[in-house]
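Student: Let's see this in three dimensions:
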Amino acid sequence: MAAGSSVILSVRRLPEPTQAYILAQITAFAAITAFSWGMWQSWLMAVTGLTVLYAALALNLYRIEEPTLTPAAEATALHLDGAA
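Tutor: Below is the predicted model of the structure:
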């Protein structure tokens, strides 16, 4: 619960054009997991991984197109990439 809340609260530190995409991704993930039967299912674990992968991909594509990120957004993007 605390991890999910911290992810949602950290979205405001991301670049503004990517915030809508990330919030939509979080909403879709929450809707899928709300009606699933458990995290033990392989498809749900795959969706969890894909959610993080797609979010990191979106941030990296934005970073390539707009290289002027704020330090907080850069740190968050690196954290989502797993490079931190």
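Student: What about Leu59, how many residues nearby?
Tutor: By the criterion of other Cβ atoms under 10 Å, Leu59 has 24 neighbours. To be clear about C-beta, it is placed using only N, CA and C from the backbone, and glycine gets the same treatment.
Student: I'd say it and Gln19 touch.
Tutor: No. At 10.6 Å, Leu59 does not count as touching Gln19 under the criterion of Cβ atoms under 8 Å.
Student: and the residue nearest to Thr18 when sequence neighbours are not counted, how many neighbours does it have?
Tutor: Spatial nearest neighbour of Thr18, excluding adjacent residues (Cβ to Cβ, 6 or more residues apart in numbering): Tyr62 at 5.1 Å. Residues near Tyr62, counting by other Cβ under 10 Å, number 18.
Student: what sits against Ala28?
Tutor: Thr51 (Cβ atoms under 8 Å, 6 or more residues apart in numbering).
Student: element containing it?
Tutor: helix 16-34 (DSSP states H and E).
Student: Would you indicate which residues of that helix are buried?
Tutor: Across helix 16-34, burial judged by 16 or more other Cβ atoms under 10 Å covers 18, 21-22, 25-26, 29.
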